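[1] Compute the structure for the input listed below.
(one chain, ligands or ions: 1)
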Amino acid sequence: MKSEKHETEPYTIDSHAGGDYPEGLYDHRAIADKVNGLDGISGDGFSLFRQQGYLAVEAAFTEKEVEDGLAGLSDLIMGKRPDFRGISFEAKAKDRVEDLTPQERLDWVRKLVYFVDYDTRLKALAFHRKLMPVVRRLLGAEPELFADQALIKPPKIGREKPWHQDHAFFDLFGDTPVVGVWIALDDATLENGCMRLLSGAHRQGPRIHFTRRDWQICDDEILGQRSVAAPLDPGGLLLFDGLLPHGTPANASAERRRALQFHYIPKGTEDISREERLKTFGSDGKDVTC
Ligand SMILES: O=C(O)CCC(=O)C(=O)O
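    Residues are numbered from 1 along each chain as shown. All right, here's what the predicted structure looks like:
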């Protein structure tokens, strides 16, 4: 199954409320350890993934592959494929999009979705010969690319992505194995919004999500927990379990933070309805508040 989304508008604007968040929500207690290269993942690395729900890998992709990824994104943002409809701007760009030069657009785009069929360089990263065997082993099945996104977090205006489980966004049974791959194309730092993760918390299963600043886990469930930050150099990546709670703070810095994110599921996985998903991840009928 492949999740389909075809926009009819030339672009969209971020529709989530966004806004301020409690101090300390993204404080970290540790920095993620990294293994070197996708070839360097040993049996211990795979065990660590199962235990922590994530594995950070440095130097997974070469400088050239990172440059190609960035060039692919820039071309799509600058409109080199007019038939591509997957650009979403930051809410703050709402009344400005038509006035931006293609070059200015680079710093107002929040996200690109479903682009792999529009750029061969980006597609090559999603199906990279070193990545696929790792994903296959983590899934325990032949991988199918389920979702592809570029998450840009522009300087100064890039909003937070509140704490969530990716599974809560996908119309899949809660026990479907989902492997996420988050690839840094710029330096992802503590300041510009690198990933924060709740190590091991994927083993607690699905969590209720609420519509607040985004579709998210309640802040109170996260505040005071011991989270891990995962700064990465360009070409580094994070492998993570679809049930692992994670989030990123706003980018108040002057630095870009561009990343790719791919999700894989076992080939032939059945989908479910939105209503079915919300029975697991939604709050209705569960006597919970946020
Ligand atoms: O890249 C980010 O800032 C967060 C991405 C993320 O966690 C997601 O979109 O699921």
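[2] now stretch 224-239, how far from the centre of its chain.
    12 Å (Cα atoms, centre = their mean, to the nearest Å).
[3] quick one: buried residues of that stretch?
    Neighbour-count burial for stretch 224-239 flags 227-232, 234-239 (criterion: 16 or more other Cβ atoms under 10 Å). (C-beta placed from N, C-alpha, C; glycine too.)
[4] Just the ones in strands from those residues, please.
    Among these, DSSP state E puts 228-230, 237-239 in strands.
[5] And the strands in the stretch 151-290 of the chain, which stretches?
    For the stretch 151-290 of the chain, the strands defined by DSSP state E, counting those that start in this stretch occupy 161-164, 179-184, 195-197, 210-211, 215-216, 228-230, 237-241, 246-248, 259-266.
[6] CSV please, covering those and showing mean pLDDT and distance to the ligand.
    CSV is the format used below for the strands of the stretch 151-290 of the chain (pLDDT from 0 to 100; distance: least, Cβ to the nearest ligand atom, whole Å):
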stretch, mean pLDDT, distance to the ligand
strand 161-164, 98, 4
strand 179-184, 98, 6
strand 195-197, 98, 7
strand 210-211, 96, 16
strand 215-216, 98, 10
strand 228-230, 98, 11
strand 237-241, 98, 9
strand 246-248, 98, 4
strand 259-266, 98, 5
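[7] out of those, nearest to G19?
    strand 161-164 (9.9 Å; Cβ to Cβ).
[8] mind listing what the closest one pairs with, with the direction of each?
    In the sheet, strand 161-164 lines up against strand 246-248 (antiparallel) (DSSP bridges).
[9] what's the distance between T176 and the ligand?
    16 Å (Cβ to the nearest ligand atom, to the nearest Å).
[10] Correct me if wrong: that residue contacts K267.
    No - taking Cβ atoms under 8 Å as the definition, T176 is not a contact partner of K267, at 11.9 Å.
[11] List the buried residues for stretch 25-41?
    25-26, 28, 32, 34-35, 38, 41.
[12] Now, these that are in strands?
    34-35.
[13] what about dumping the CA coordinates of stretch 70-85 to PDB?
    What follows is stretch 70-85, C-alpha atoms only, in PDB (Å, rounded to 0.1, in the frame of the first residue of the first chain):
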ATOM      1  CA  LEU A  70      19.600  19.600  -1.600                       C
ATOM      2  CA  ALA A  71      19.700  20.400  -5.300                       C
ATOM      3  CA  GLY A  72      16.700  18.200  -5.800                       C
ATOM      4  CA  LEU A  73      14.800  20.000  -3.100                       C
ATOM      5  CA  SER A  74      15.800  23.500  -4.400                       C
ATOM      6  CA  ASP A  75      14.700  22.600  -8.000                       C
ATOM      7  CA  LEU A  76      11.300  21.500  -6.700                       C
ATOM      8  CA  ILE A  77      10.900  24.600  -4.500                       C
ATOM      9  CA  MET A  78      11.900  26.800  -7.400                       C
ATOM     10  CA  GLY A  79       9.300  25.300  -9.600                       C
ATOM     11  CA  LYS A  80      11.400  23.300 -12.000                       C
ATOM     12  CA  ARG A  81       8.600  20.700 -12.000                       C
ATOM     13  CA  PRO A  82       5.400  22.800 -12.400                       C
ATOM     14  CA  ASP A  83       3.400  19.600 -12.100                       C
ATOM     15  CA  PHE A  84       4.700  19.000  -8.500                       C
ATOM     16  CA  ARG A  85       2.000  20.000  -6.000                       C
END
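[14] Just give me how far it sits from the chain centre.
    On Cα atoms, centre = their mean, the centre of stretch 70-85 falls 19 Å from that of its chain.
[15] Is that stretch in proximity to the ligand?
    No - contact of stretch 70-85 with the ligand (Cβ under 6 Å from any ligand atom) is absent, the minimum separation being 13.5 Å.
[16] Residue in the stretch 1-150 of the chain with the shortest distance to the ligand?
    Per Cβ to the nearest ligand atom, Q149 is where the stretch 1-150 of the chain lies closest to the ligand, at 6.3 Å.
[17] quick one, what contacts that residue?
    For Q149, the contact set (Cβ atoms under 8 Å, 6 or more residues apart in numbering) comprises 111-113, 260-262.
[18] T62 now?
    G235.
[19] rewinding a little: output the buried residues of stretch 25-41 in JSON lines, with pLDDT and distance to E9 appended to each entry.
    Formatted as JSON lines, the buried residues of stretch 25-41 follow (pLDDT from 0 to 100; distance: Cβ to Cβ, whole Å):
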{"residue": "L25", "pLDDT": "98", "distance to E9": "32"}
{"residue": "Y26", "pLDDT": "98", "distance to E9": "32"}
{"residue": "H28", "pLDDT": "97", "distance to E9": "38"}
{"residue": "A32", "pLDDT": "98", "distance to E9": "38"}
{"residue": "K34", "pLDDT": "97", "distance to E9": "40"}
{"residue": "V35", "pLDDT": "97", "distance to E9": "42"}
{"residue": "L38", "pLDDT": "98", "distance to E9": "37"}
{"residue": "I41", "pLDDT": "95", "distance to E9": "41"}
